[in-house]
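[1] need a 3D model of the sequence below.
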Amino acid sequence: MKIINFQILTISDLVLLASASLVFLIQIYYLLSHYLKLARHKDSPSAENSNQVTIIVPVRNEEERIREILNNFNEQEFQDYQLLVINENSEDNTYEILNVLAETNPKLKVTSLNQEIRFSGKQAINIGLKGASSPWILLLTSFSGGINPVWLARLNSLIAPETEAVIAYTNIERAKGFRNLLCRLERFNQFMISGAWTVAGEPFVFNENNVLFKKTLYFETQGFRQKLNRNFANLELIFNENFKKENVKITTNPELAIRENIEDDRGDHLKLLKKGVQIRQSLAWIKKISLFTDDFTRILLPGLTATLIILHPEYWITFLVLPLIFIILQLIIIRMLLNRLNERKIFVSSFVYILIKPFINWWFIWSMYIIHRRSRWN
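    Below you'll find the model as predicted:
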């Protein structure tokens, strides 16, 4: 490694070197104070709680799978729960089957959204929350796979007197296909970002599912009023407006994770990206600036390093030290978090995806801005 001779450097060289050093320090700050803290996070159960929970599951045209969906909850160790299934205008016999099953299952309650309307997802959630008899709510999709028997009991044990929400991990089941991999990477990346900011005291979420929350969090904030026209996000908008750092917990316990069995759909990854951009744009300014700084400095670090190497190739090994430290630390954090979440077969692809994700975010933000401007003029 060749030591830099600062006497031969021009002012512009020194500015570039100082900028690269500052960007590196900012990235190290985020890695250590946010991401590493999430990777090392361990649950701290409060007690054996018995807070009654309502699990809300919207379904549509699921007559062949409805029994399988309900059987996911039969083995739960925690029994003080209500299962509220919302039939979203099914065109098959889903609603009739649900009513028959409810006659022999005291935990099952059925309600229905009887017609196709705009923003039916938000309307279904609103109906479910109004019909829930419990003070604590969990929202799941009909695609949720096998659920660990300790899932509900362990989530309940994380509730402390001041807690308003407990965030758990959700991803999709591993399957063949590149689109499945992309969706898994995006879900993991979203949890990594929101989880890192949550443990750092700036909580927000990208995914409304598998979040145990107080029902009052919805009704005391006027629910979806002023938010009905947001196409990709639902409860996330309410959570992110009202989460307070001392009232939100996060868990990386793999026993509390939910895996969804979703068919390979070409548009799923695109929807996740659009939803992520919309959620970022709806955050408070302090969080927007913090996320922007993380993305921007992650893009700048390799760019500034490459510029310095082009200008002074004799110091290329020295200049590569900073990004190399960043890469090693990033790899360690990703590996730790993947192991903690019991997420397999995406280590290298997650690292690559996380490096390029800021470019993807900015491209989507710009393209959505252009589309919005065109729609206004038309």
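[2] check the offset of stretch 74-92 from the chain's centre.
    The gap between the average C-alpha position of stretch 74-92 and the chain average comes to 23 Å, counting by CA atoms, centre = their mean, to the nearest Å.
[3] next, the distance between the ends of it.
    For stretch 74-92, the first-to-last residue distance is 25 Å (CA to CA, to the nearest Å).
[4] give me the buried positions along stretch 15-33.
    By 16 or more other CB atoms under 10 Å, the buried positions in stretch 15-33 come out as 16-17, 20, 23-24, 26-28, 30-31. For every residue, glycine as well, the C-beta is placed using N, CA and C.
[5] let me fix that: stretch 145-153
    For stretch 145-153, the neighbour count (16+ other CB under 10 Å) marks 147-148, 150-153 as buried.
[6] next: stretch 314-329.
    For stretch 314-329, by 16+ other CB under 10 Å, it's 315, 319-320, 322-323, 326, 329.
[7] so how far is it off the chain centroid?
    31 Å.
[8] pretty sure V199 sits against S33.
    No. Using CB atoms under 8 Å as the test, V199 is too far from S33 to be in contact (9.3 Å).
[9] and the buried residues of stretch 314-329, which is the shakiest by pLDDT?
    Scanning these for pLDDT, the low point is Y315. It has 84.
[10] which ones among the buried residues of stretch 314-329 map onto helices?
    Of the buried residues of stretch 314-329, the ones assigned to helices by DSSP state H are 319-320, 322-323, 326, 329.
[11] CSV please, covering those residues and showing distance to I193.
    Putting these into CSV (distance: CB to CB, whole Å) gives the following:
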residue, distance to I193
F319, 28
L320, 27
L322, 23
P323, 21
F326, 17
L329, 16
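[12] what is the nearest of those to P254?
    Closest approach between these and P254, by CB to CB: L329, at 23.3 Å.
[13] next, the buried residues of stretch 133-147.
    In stretch 133-147, counting by 16+ other CB under 10 Å, buried: 134, 136-144, 147.
[14] please look at L311 and L16 and confirm they touch.
    Yes. When contacts are counted by CB under 8 Å, L311 is listed as touching L16 (7.4 Å).
[15] so where do the helices sit in the stretch 251-378 of the chain?
    When secondary structure is read from DSSP state H, counting those that start in this stretch, the stretch 251-378 of the chain shows helices at 268-281, 285-311, 316-341, 347-377.
[16] mean confidence score for the shortest one?
    This points to helix 268-281. Computed over helix 268-281, the mean pLDDT rounds to 89.
[17] which elements pack onto that helix?
    Helices and strands touching helix 268-281, by 3 or more CB pairs under 8 Å, 6 or more residues apart in numbering; DSSP states H and E, are helix 178-199, helix 235-242, helix 285-311, helix 347-377.
[18] would you list the ones you listed in JSON lines and tack on mean pLDDT?
    As requested, the helices and strands packed on helix 268-281 are arranged in JSON lines below (pLDDT from 0 to 100):
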{"stretch": "helix 178-199", "mean pLDDT": "95"}
{"stretch": "helix 235-242", "mean pLDDT": "93"}
{"stretch": "helix 285-311", "mean pLDDT": "94"}
{"stretch": "helix 347-377", "mean pLDDT": "79"}
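[19] in CSV: these, plus distance to I55.
    Converted to CSV, these look like this (distance: least, CB to CB, whole Å):
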stretch, distance to I55
helix 178-199, 20
helix 235-242, 14
helix 285-311, 29
helix 347-377, 30
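[20] out of these, which comes closest to Q7?
    helix 285-311 (15.8 Å).
[21] from the chain's centre, how far out does that closest one sit?
    In terms of CA atoms, centre = their mean, the centre of helix 285-311 is found 23 Å from the chain centre.
[22] got the angle between that helix and helix 235-242?
    Put simply, helix 285-311 runs at 100 degrees to helix 235-242, going by axes from the mean of the first three to the mean of the last three CA atoms, to 10 degrees.
[23] so for helix 285-311, what gets flagged as buried?
    Residues of helix 285-311 classed as buried: 287, 290-291, 294-295, 297-301, 304-305, 308-309 (neighbour count, 16+ other CB under 10 Å).
[24] ok, now stretch 35-43?
    Within stretch 35-43, the residues scored as buried using 16+ other CB under 10 Å are 35-39, 41, 43.
[25] about what we covered before: and which of the buried residues of stretch 133-147 is nearest L101?
    L101 lies nearest to S142 out of those, by CB to CB, at 14.4 Å.
[26] not counting residues beside it along the chain, what's closest to that closest one?
    Excluding the flanking residues, the one nearest S142 by CB to CB, 6 or more residues apart in numbering is V59, at 4.5 Å.
[27] now swap in A39 and tell me
    Nearest residue to A39, sequence neighbours excluded (CB to CB, 6+ apart): M336, at 3.9 Å.
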